[in-house]
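Student: Following is a predicted model, sequence given first.
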Amino acid sequence: MNIPEIMKIFKPAIIRSTIVCLFFSTITIQAQVTVQEAVNQLPEGKLTLEAAIGIALKNNPQLKQAGLQYEMSVNEFEQAQWRRWPSLNFSASQGFSFGRNIDPFTNQFVQQNVAFNNYNLSAGVTLFNGGALQNSVKQTQITKNASEKDLEAARNDVMLNVALAYLQILNNIELITVAERQIEATQFQLERTTKLVEAGSLAESNLFDLRSQLANDELTLVNAQNNLENAKLTLKQLMNVIGGQPVEVADIPIADPTLQLYDASIEEVFNTAVSNLPQMKAAELKIKAAEKGVEVARSAYLPSLTLAGGMGTSFSSAAPKERFIGDGSGSSTIEVPSTTQFITVGDIVVPIYNRVTTINGSNQHFGYFDQLNFNRNPSVSLSLRIPIFNAFQAKYQVNSAKINHLNTQYQGELALQQIRQNVEQAYISMTNAAKKYSATAKQVSALEETFRVAEARFNVGAMNSTEYNIAKANLDQARANLVQAKYDYVFRTKILDFYMARPLSID
């Protein structure tokens, strides 16, 4: 059984992505390689399953995308939390007016060029908006948790595919061992028969038949070696490393199956799987998030209450540069340019200076910051917004949220149905694999006895080479089938072990 055949059996996405740590639920990932190192080279020595999984988890682009999606959901959750906090903004502007203008300081018309600055500090907070903010926080939090489960499922999918390829390599290595033993047996018989033919005890036709059988055995070995290289290439592609690099995997001894009855029923396996699979948990969380989405949409029907405050100030170049400050200390006289009286000389407008005498005080310079301080303008407001008619936008938003909620419910039902189907299929496949292994083991035992008799008869000349080769070919094929049946049964048993949330081991 090759990788495409195995993947065809487990094509449904639920199985591919739910068999967490098929042979590695108790394994700690220890591969400490960076993505760049992994892409360029493999670790020295034999590649362990843990290292292969570690490299694949770091290099797989689909898993990186799933990780980004999770980070996006975390970002949206944090953003929703901060929306409940007040906002604080500062703005500043610089402007110039020419000709006849309104003095921003006195709001009177002036015939002069004016430079002005405006500064504003504003703050606002939503006191009530129909529960939209609170429900949005809850919705994004649930969505974040669902995205985390999706990421977990994506990791499981990567680990499963790596385990499949690793297991297929072990399968092909064992098939190569079987093929090499077949060649050794045929080579031994060929050498013996050559001596008998040279001695005249057997016909030369027997020698030709054995040479033909040896060529067939060598072809079987070449095919097994090619399948091994293909399995290695599949593993390297899953790890996203350069395919030309040599790779040798560490051996994991797999004992022959005991073929005992599985100690859980289909219903028990299904109930346990539903309680543990990340896909099912993600589907349940998405349903809850959609429920909160309906509540968020309904908030558009309710009033909103907003509290706002601010502080503004301004500066105008047309404002007087001197200001009277009364302090009872005497009097003083200064000349102050008029803001309303001007003399035009040609194209030049010149203000008239008036002599101003201050009593019991003094005229002080009115600078830039003095004007900003004088023009301070604090404000506070409470805004109530009551929706009356908004072109039915709220209605259709609620309808869309309800449809999305219903869709997530259907998706949850489909996920549940898919899990049941996959559990039932896995259970039946395990049972069938056990029957196949048992029957193949009996077949091998019977054919070994048949071949032993055939070999004995062939050695004494009581059987021709054709009959001998048929007996040997039947035994060789049965042994190869037994290897594949063993791996098939073990693999399917581990699937059920995972569904039962049991620690998995390969022994």
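Tutor: Looks like it arrived, so ask away. Bear in mind the structure is a predicted one, so any value in this text is a computation, not a measurement.
Student: now the helices for the chain?
Tutor: Ranges of helices within the chain are 3-9, 13-18, 35-40, 49-59, 61-82, 132-199, 204-239, 266-276, 278-298, 368-374, 393-459, 465-499, based on DSSP state H.
Student: tell me the pLDDT at the closest residue in space to residue 423 that isn't next to it in sequence?
Tutor: Spatial nearest neighbour of residue 423, chain neighbours left out: residue 270 (4.6 Å); criterion: CB to CB, 6 or more residues apart in numbering. From N, CA and C alone the C-beta is placed, and that goes for glycine too. pLDDT for residue 270: 92.
Student: where's residue 270 relative to residue 59, distance?
Tutor: From residue 270 across to residue 59, the span is 34 Å (CB to CB, to the nearest Å).
Student: Please apply the same query to residue 225.
Tutor: Distance, residue 225 to residue 59, by CB to CB: 27 Å.
Student: of the two, who's got more company?
Tutor: Relative neighbour count places residue 59 above the other of residue 225 and residue 59, with 20 against 15, counting by other CB atoms under 10 Å.
Student: That one contacts residue 240, correct?
Tutor: Yes: Residue 59 is in contact with residue 240 according to CB atoms under 8 Å; the separation is 3.7 Å.
Student: So the residue most central in space within the chain versus residue 388, what's the distance?
Tutor: Taking CA atoms, centre = their mean, the centroid of the chain lies closest to residue 66, which sits 1.7 Å from it. Distance from residue 66 to residue 388, counting by CB to CB: 45 Å.
Student: Quick check: which of the helices of the chain is nearest to residue 108?
Tutor: helix 368-374 (15.8 Å; CB to CB).
Student: Name the residues of that closest one that are buried.
Tutor: residue 371 (16 or more other CB atoms under 10 Å).
Student: Same check on stretch 53-70?
Tutor: Buried, per 16+ other CB under 10 Å, within stretch 53-70: 53, 54, 55, 56, 57, 58, 59, 60, 63, 66, 70.
Student: how long is stretch 270-284 end to end?
Tutor: Using CA to CA, to the nearest Å, one end of stretch 270-284 lies 16 Å from the other.
Student: Might you calculate how far it sits from the centre of the chain?
Tutor: Relative to its chain's centre, stretch 270-284 lies at 18 Å (CA atoms, centre = their mean, to the nearest Å).
Student: Stretch 470-486 too?
Tutor: From the chain centre to the centre of stretch 470-486 is a distance of 43 Å (CA atoms, centre = their mean).
Student: Show me what that stretch is in contact with.
Tutor: Around stretch 470-486, the neighbours that count as contacts under CB atoms under 8 Å, 6 or more residues apart in numbering are 1, 171, 174-175, 178-179, 182, 185-186, 213, 216-217, 220, 254, 256-257, 433, 436-437, 440-441, 443-444, 447-448, 450-451, 454-455.
Student: how is this protein carved up into domains?
Tutor: Following automatic domain parsing, one gets these domains for the chain: 14-81+133-303+391-499, 320-365.
Student: Comparing those domains, which comes out most buried?
Tutor: Comparing the domains of the chain by mean neighbour count (mean count of other CB atoms under 10 Å), domain 14-81+133-303+391-499 ranks first with a mean of 17.
Student: just to revisit the earlier point, just put the helices of the chain in a markdown table and tack on distance to residue 114.
Tutor: Shown next, in a markdown table, are these (distance: least, CB to CB, whole Å):
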| stretch | distance to residue 114 |
| --- | --- |
| helix 3-9 | 78 |
| helix 13-18 | 70 |
| helix 35-40 | 62 |
| helix 49-59 | 64 |
| helix 61-82 | 41 |
| helix 132-199 | 44 |
| helix 204-239 | 71 |
| helix 266-276 | 74 |
| helix 278-298 | 49 |
| helix 368-374 | 13 |
| helix 393-459 | 45 |
| helix 465-499 | 79 |
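Student: By mean pLDDT, show me the worst of those helices.
Tutor: Note on the helices of the chain: lowest mean pLDDT is at helix 13-18, with a mean of 38.
Student: Show me which residues of stretch 111-127 are buried.
Tutor: Applying 16+ other CB under 10 Å to stretch 111-127 flags 112, 114, 116, 117, 118, 119, 120, 126 as buried.
Student: Would you confirm that the second one contacts residue 94?
Tutor: It stands for residue 114. No: applying CB under 8 Å as the test, residue 114 and residue 94 come out as separate, 11.9 Å apart.
Student: hmm, back to that, contacting residues around the residue nearest to residue 423?
Tutor: With CB under 8 Å, 6+ apart, residue 270 has these contacts: 419, 420, 423, 424, 499.
Student: Quick check: the closest residue to residue 438 other than its chain neighbours vs residue 434, distance?
Tutor: Using CB to CB, 6+ apart and skipping the chain neighbours, the partner closest in space to residue 438 is residue 259 (5.7 Å). Distance of residue 259 to residue 434, computed by CB to CB: 5 Å.
Student: Kindly report the same for residue 53.
Tutor: According to CB to CB, residue 53 and residue 434 sit 28 Å apart.
Student: How about residue 163?
Tutor: Distance from residue 163 to residue 434, counting by CB to CB: 21 Å.
Student: now residue 187
Tutor: 35 Å.
Student: now swap in residue 263 and tell me
Tutor: Per CB to CB, residue 263 is found 13 Å from residue 434.
Student: before we move on, the earlier item: determine which two of the buried residues of stretch 53-70 are furthest apart.
Tutor: Pairwise distances across these (CB to CB) peak at 20.9 Å, for the pair 55 and 70.
Student: which residues touch residue 218?
Tutor: By CB under 8 Å, 6+ apart, residue 218 lies in contact with residue 183.
Student: Find the residue closest to residue 317 in space, skipping its chain neighbours.
Tutor: residue 115 (4.2 Å).
Student: Run through the bridge partners of the one you found.
Tutor: Beta-bridge partners for residue 115, by DSSP bridges, are residue 96.
Student: and it, what is it in contact with?
Tutor: 94, 95, 96, 97, 316, 317.
Student: on that earlier part again, which one, of the domains of the chain, ends up nearest to residue 378?
Tutor: Counting by CB to CB, residue 378 lies closest to domain 320-365 out of those; the figure is 21.6 Å.
Student: average model confidence for that closest one?
Tutor: Per-residue pLDDT values over domain 320-365 give a mean of 59.
Student: What are the neighbouring residues in contact with residue 409?
Tutor: By CB under 8 Å, 6+ apart, residue 409 lies in contact with 287, 290.
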